[in-house]
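> pasted the sequence and its predicted model underneath.
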Amino acid sequence: METCCEAEFGLTHGPVSAPWSVCFICICFFSEFLVLFGMVFPVLSAIEFFVILIDSITKGSVEMKRNREKNFTKLLCGSLLAAVICFCAGCGRTVKYTSANTAMGTFVYQTVYTSGEDVTADVTGLINGLEQDTLSWRIAESEIARINARTGSGEGFVLSDNLRADLEVLREVSERSNGAFDITMHPVVELWNIDAWAAGQGVVPMQQTVAGAGEIQDNQPSDGATSIILPDQKQVTQALSHTGYEEITIENNTLYLPAEMSLDLGAAGKGIACDEIAEFLKESKVSGAVISVGGSVLTYGRKPDGMPWQVAIVNPLDTATQLGTLSLTGEWFVSTSGDYERYVEVDGIRYHHILDPATGYPATSGVRSVTIVCDSGILSDALSTACFVLGVEDGMELAESYGVRALFVDEAGRIFMTESMRGIFEEAGEQ
Ligand code: ADP
Ligand code: MG
C-alpha cells in the first residue's frame, strides 16, 4: 500500500549529470592525493620535532629552542591542513542515488547516500529474492508456499532460521492483539480476492453479479458497466473455520499445520523486507537512506546536511493530500495500514484488504489508517495491521504495551496519537 513517502522523492535518477561527474572524479583524485600529502606532512614534522626536542634537552642551546618553535608551528599547520583535507575528501565522495520501481506487488522508492557503488538495484534484488524464496504464497518455490502445500499431511516443515524468528514475533502480535492479527487468515484473504479486484481483475459484467447471500441480484454498480462478486456469509464462515493462529505448532524448528489451513505473511512482508534492507545497508558504504516498500518505510543513517528524514503520511480521507510529516533521525521503521489503497466499492460500501479475523469481513473499527514507528520493520508492519483491526482504543493500548509510536486517523478525520508520536509528527499546515 502506498501510504508513506519521503518528502524529497521523485528527483533525479542516478547520481549526477555528465559534466558534473567528470568534475567530481577530478576532485576525488585530487583530494586523495592531498590526503596522502596531508598525512605524511605532519608525521614527518612530528618526527623532526621530537629529534630536535631531544637534542635541545640534551644540549639546551638557544639555537635549538628556536628550531623547536619553528617545528612546532610546522607540525600544527600540517595537522590542520590534514584535518581540513580529510574532511573535504570525505564529503566530496558521498553521492546521492534515487530509484523508483516495483517489487512485492508495490512501489519501491529509494534515496541512498553512499561513498561507494549505487546499491539501489541490489536493494530491489533483495526484496524480490525475499518474496520469491520465502514470503509469497503465490510462488510455488517459496518457503511459505511449500509450507502451505504440506498442510494437513502430518508431515512437518523444517523452517529456515529467519522465518522461524519472524513467526515467533508474529505469533506474539497475534496473542497480544487477541487474534486481531492472524497469518492464518489466508483462506479468507483468497476468498475475498481484494488484491485482484483492486487491480481490476475478477470484475464481471453486471448481469452476472452475485451479491449478498449468493442470489443473483440486479446490483447496479456505480459505473454501470461492471461489478464484483462478493463472497456470501456461508463462504466466509466456511473459510474462517480453517483459520486460527493457535493451531500453528512449531517443535524444534519444525512447523505443523492442520488440514485446510495455510499461511499469508502479507501483513508483515514489507516490514520484514525493510529489516533485511537495514542489515544489508550496514554491510555497505551507505551513510544514509530512506527506502519505502509500499506502506513500510525505512530511514537509515543520516543525510549529508545533518537534517532529519521527512516521511509524509497520506491523509486517508483525501489521499491526494498529506496529513503531515514525521521527522526521523537514524534507523527507524514506519508502517501505515489504511483502507484507501486496495479496495473496491459496491453499493456505497468499501471492501478493503484488512480483514477482521473475528468476522471474516473487512475490518470496521472506525479507523481509516494507522501509522506505527518503531525500531523493527516486522513489528511496525504487523502492529499497523493489528491496530487497524482493533480500532483507536484497543489499538492504542496494544501500541503502548509494545512501547511503539502510533498515530490513528478515524472516519471523521480525527487524529489520535501516543505521547511519543507527538514529538516527531507535524500536522500539515502547522508551523
Ligand atoms: P499492506 O500489505 O497493503 O501494507 P497490511 O500490512 O495492513 O497492508 O496487510 C494487509 C494484508 O495482510 C492483506 O492483503 C492480507 O494479505 C493480509 N491480512 C488481512 N487481514 C489480516 C489480519 N487481520 N491479520 C493478518 N493478515 C491480514
Ligand atoms: Mg501491516
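Cool, got the structure. Ligands and ions are numbered 1, 2, ... in the order given.
> flag every residue of the protein that's near ligand 1.
1, 181-183, 185, 189, 264, 266-267, 270, 294-295, 337, 342, 353-355, 357, 381, 385, 389 (Cβ under 6 Å from any ligand atom). No exception for glycine: its C-beta is placed from N, CA and C like everyone else's.
> skip the chain neighbours and tell me the closest residue to residue 413.
Spatial nearest neighbour of residue 413, excluding adjacent residues (Cβ to Cβ, 6 or more residues apart in numbering): residue 317 at 4.9 Å.
> what about that neighbour, how many neighbours?
Look at residue 317: counted by other Cβ atoms under 10 Å, it has 15 neighbours.
> of all the residues in stretch 354-369, which ones are buried?
354-357, 360-363, 365, 367-369 (16 or more other Cβ atoms under 10 Å).
> chain center to it: distance?
Using Cα atoms, centre = their mean, to the nearest Å, the mean C-alpha position of stretch 354-369 is found 23 Å from that of the whole chain.
> begin at 26 from here
From this message on, residue numbering opens at 26, which makes the last subject stretch 379-394.
> and the end-to-end length of it?
11 Å (Cα to Cα, to the nearest Å).
> that stretch near ligand 2 at all?
No. Judged by Cβ under 5 Å from the ion, stretch 379-394 and ligand 2 are separated, with a smallest distance of 8.1 Å.
> tell me the mean pLDDT for that stretch?
What stretch 379-394 shows for mean pLDDT is 97.
> try stretch 338-351
In the prediction, stretch 338-351 has an average pLDDT of 96.
> could you export that stretch as CSV, CA atoms only?
Taking C-alpha atoms only, stretch 338-351 is exported to CSV below (Å, rounded to 0.1, in the frame of the first residue of the first chain):
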residue,chain,number,x,y,z
ILE,A,338,1.8,10.4,5.9
VAL,A,339,-1.1,10.3,3.4
ASN,A,340,-4.4,11.8,4.5
PRO,A,341,-6.7,8.7,4.3
LEU,A,342,-9.8,11.0,3.8
ASP,A,343,-8.2,12.7,0.8
THR,A,344,-5.3,10.6,-0.5
ALA,A,345,-4.1,13.4,-2.8
THR,A,346,-3.1,15.4,0.3
GLN,A,347,-0.8,14.8,3.2
LEU,A,348,-1.8,14.5,6.8
GLY,A,349,1.6,15.6,8.0
THR,A,350,5.2,14.6,8.2
LEU,A,351,7.4,12.6,10.6
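> buried stuff in that stretch?
338-341, 347-351.
> and for stretch 198-208?
Quick answer for stretch 198-208 (16+ other Cβ under 10 Å): 198-199, 201-202, 204-208.
> so what touches it?
192, 195, 268-270, 288-290, 292-293, 381-383, 404, 407-408, 410-412, 414-415, 419, 423, 426-427 (Cβ atoms under 8 Å, 6 or more residues apart in numbering).
> re earlier: mind putting the buried residues of stretch 379-394 into a markdown table with distance to residue 284?
Shown next, in a markdown table, are the buried residues of stretch 379-394 (distance: Cβ to Cβ, whole Å):
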| residue | distance to residue 284 |
| --- | --- |
| 379 | 27 |
| 380 | 21 |
| 381 | 24 |
| 382 | 19 |
| 385 | 19 |
| 386 | 24 |
| 387 | 27 |
| 388 | 27 |
| 390 | 31 |
| 392 | 34 |
| 393 | 37 |
| 394 | 36 |
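> and which of these is nearest residue 167?
For the buried residues of stretch 379-394, the residue nearest residue 167 by Cβ to Cβ is residue 380; the value is 21.7 Å.
> how about the closest one, phi and psi?
phi -100, psi 150 (degrees, to the nearest 10).
> what pairs with it across the strands?
residue 387 (DSSP bridges).
> who are the neighbours in contact with it?
210, 213-214, 217, 386-388, 414.
> spatially, which two of those are the most separated?
217 and 414 (14.4 Å).
> which one of the two is surrounded by more residues?
residue 414 (28 against 23).
> so that one belongs to a helix, correct?
Yes. According to DSSP: H, G, I helix; E, B strand; the rest coil, the state of residue 414 is that of a helix.
> surely it touches residue 387?
No. With contact taken as Cβ atoms under 8 Å, residue 414 and residue 387 are classed as non-touching, separated by 9.7 Å.
> for the two, list the residues in contact with both.
379-381.
> and these, which is closest to ligand 1?
residue 380 (3.9 Å; Cβ to the nearest ligand atom).
> now whichever residue of the stretch 126-275 of the chain sits closest to ligand 2, nearest residue through space, not along the chain?
Proximity of the stretch 126-275 of the chain to ligand 2 (Cβ to the ion) peaks at residue 206, 8.3 Å away. Leaving aside its chain neighbours, residue 206 sits nearest to residue 411 (3.8 Å; criterion: Cβ to Cβ, 6+ apart).
> how many other residues sit next to that neighbour?
Counted with other Cβ under 10 Å, residue 411 comes out at 31.
> same check, this time on residue 327
Residue 327, neighbours per other Cβ under 10 Å, totals 16.
> name the nearest residue to it, ignoring sequence neighbours.
Nearest one to residue 327, counting by Cβ to Cβ, 6+ apart, is residue 313 at 4.8 Å.
> packing partners for the helix or strand containing that neighbour?
Per DSSP states H and E: residue 313 is located in strand 311-318. Secondary-structure packing of strand 311-318 (3 or more Cβ pairs under 8 Å, 6 or more residues apart in numbering; DSSP states H and E): strand 29-31, strand 131-139, helix 294-307, strand 321-326.
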